[in-house]
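Enquirer: next comes the sequence, and after it the predicted model I'd like to discuss.
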Amino acid sequence: MFINQILYGLKHLHKPQLKFLTVVFQTILVCQSRINFSSLARHSSLNERTFRRQFRQTLDFTEINQAIMTQSECQITAFAMDASFIRKSGKETFGLDKFWNGCASRAEKGLEASIISLVCAKQGASFALTVDQTAPKLSNKEADLEKKTRIDFYAAQVEQVASQILKHTKVGLFDGYYAKLKFVTRMEQAGFTVISRLRSDANLKYLYEGEQKARGRHRKYEGKIDFKDVRRLAETTVKAANKVVKLYAGAVWSASLKRKINLVVVKYEKKTVNLFSTDLEMSASQIFWLYRSRFTIEFLIRDAKQSGGLSDCQARDNEALEFHWNAALTAVNLARGMAHQEELNQGIKQPFSMKTIKQQFFNEHLLNLFICKLGFEQSLIKCKETLTELRNYATSFS
């Protein structure tokens, strides 16, 4: 089985932990209801108390996720970072604060999971690397003393796994929230190229390239950029979703980021999007396609919430919450790895469906339960072709 192949290939896990993780990932993929301690216990041989205790243990999920990516033959082109709002009731949970909820388009009280993923160009998907719980906002006195904001937290999270990311890529993809001076500076210091999005009213200036006066200070800039008229920038076109998209690119000065950036103005039919890269040599089309691939992390979060139990944790302490979130995202990675392996075995490319993988696991689990409890001869049943048909019952393969 793919799960055993990944876990038993790791060197730093002891045997009891290996057995527990095997049960956890199998049960997450089997469970069709909310994935919390109660449902995990109902669908496995372990006690609820065992899950509660083990979820407080420290575990390096980045090693497991990297092993999955290696086995899945991933071609990493960039890493992406995004934060996801997690609803949580109660008053004693660690980290409760007001965070931005994109679905409601407003800040709400709950938790936030900050996720880093690696983008695979071959599969057109994101594989989770690690997830951390965003720290709650400091009080005014604490903030004055430490002088830290959430941007510091996000930057520190990337810096902690920088050595592991740099083995694969140095390109980071971030949405417009991260396009701030402090964050971009720390990413460059860590050795990364930042690709992100600018506001529609960003303060940008053309660089002066004419003759300089013999005396006095040299001229640096030549007027502010008006995004309604960007004809001074170099024009190229790309084809995306059967539509021709115009790109206007060039090196400009960003007043907010206090540096030269490689600006790409993307002109759609009804809107304009301003992208940038800190690498001045990167082509406009490359920046465009790389930033488009950032959206794969949204699909990763969607699958983890809908099928991995990302929003279902019953725990209240930081260690158990992060363990649960990492387990949910790693379960999605495992599902993608298994889907890739099945494609190679059958030689047929199928669109990935987390629901299909879970239905197959549930069907197989139920069949094995019937065979075991009713005392059937396993060797006679499992060699029949109808077993594959039953395994794929109510899936896209049926």
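Expert: That came through, no problem.
Enquirer: quick check: buried residues in the longest helix belonging to the chain?
Expert: In the chain, taking DSSP state H as the definition, the longest helix is helix 318-346. By neighbour count on 16 or more other C-beta atoms under 10 Å, the buried set for helix 318-346 is 318, 320-340. Placement of C-beta: from N, CA and C, glycine included.
Enquirer: now do stretch 254-267
Expert: Ser254, Leu257, Ile261, Asn262, Leu263, Val264, Val265, Val266.
Enquirer: next one: stretch 84-104
Expert: For stretch 84-104, the neighbour count (16+ other C-beta under 10 Å) marks Ser84, Phe85, Ile86, Lys88, Thr93, Phe94, Gly95, Leu96, Phe99, Asn101 as buried.
Enquirer: ok, the closest residue to Leu21 other than its chain neighbours - contacts?
Expert: With sequence-adjacent residues excluded and distances taken as C-beta to C-beta, 6 or more residues apart in numbering, Leu21 is closest to Leu7, at 5.7 Å. By C-beta atoms under 8 Å, 6 or more residues apart in numbering, Leu7 lies in contact with Leu13, Leu18, Leu21, Thr22, Ile64.
Enquirer: ditto for Phe299
Expert: Ala125, Ser126.
Enquirer: do that again at 10 Å, thanks
Expert: Under the criterion of C-beta atoms under 10 Å, 6 or more residues apart in numbering, the contact list for Phe299 reads Gly124, Ala125, Ser126, Val332, Phe352, Met354.
Enquirer: correct me if wrong: the fifth one contacts Thr296.
Expert: In other words, Phe352. No - with contact defined as C-beta atoms under 10 Å, Phe352 does not count as touching Thr296 (11.1 Å).
Enquirer: now for these two: what residues contact both?
Expert: Residues touching both Phe352 and Thr296 by C-beta under 10 Å, 6+ apart: Gln123, Gly124, Ala125.
Enquirer: narrow these to those in strands?
Expert: If you go by DSSP state E, the shared contacts of Phe352 and Thr296 have Ala125 in strands.
Enquirer: list buried residues within the shared contacts of Phe352 and Thr296.
Expert: Buried among the shared contacts of Phe352 and Thr296 by 16+ other C-beta under 10 Å: Gln123, Ala125.
Enquirer: which parts of the helix or strand harbouring Leu118 are buried?
Expert: Taking DSSP states H and E as the criterion, Leu118 maps to strand 106-120. In terms of neighbour count (16+ other C-beta under 10 Å), strand 106-120 has its buried residues at Gly110, Leu111, Glu112, Ala113, Ser114, Ile115, Ile116, Ser117, Leu118, Val119, Cys120.
Enquirer: can you list the strands that it pairs with?
Expert: strand 76-86 (antiparallel), strand 97-101 (antiparallel), strand 125-133 (antiparallel) (DSSP bridges).
Enquirer: and Glu211, how many neighbours?
Expert: 7 (other C-beta atoms under 10 Å).
Enquirer: what about it, which SS state?
Expert: The local conformation at Glu211, judged by DSSP: H, G, I helix; E, B strand; the rest coil, is coil.
Enquirer: go on, Lys246?
Expert: Applying three-state DSSP: Lys246 is strand.
Enquirer: ditto for Lys355
Expert: Reduced to three states by three-state DSSP, Lys355 is helix.
Enquirer: mean confidence for the strand or helix carrying Ile287?
Expert: In the assignment (DSSP H and E), Ile287 maps to helix 284-293. Helix 284-293 shows a mean pLDDT of 97.
Enquirer: quick check: buried residues in that helix?
Expert: Ala284, Gln286, Ile287, Phe288, Leu290, Tyr291, Ser293.
Enquirer: same check on stretch 230-247?
Expert: Applying 16+ other C-beta under 10 Å to stretch 230-247 flags Val230, Leu233, Val245, Leu247 as buried.
Enquirer: give me the low-pLDDT residue ranges for this structure?
Expert: Low-confidence segments of the chain, defined by pLDDT under 70: 138-146, 380-384, 398.
Enquirer: so which residues of it form strands?
Expert: Under DSSP E, the chain gives strands at 76-86, 97-101, 106-120, 125-133, 171-173, 193-198, 204-207, 221-224, 234-240, 243-254, 259-267, 272-277.
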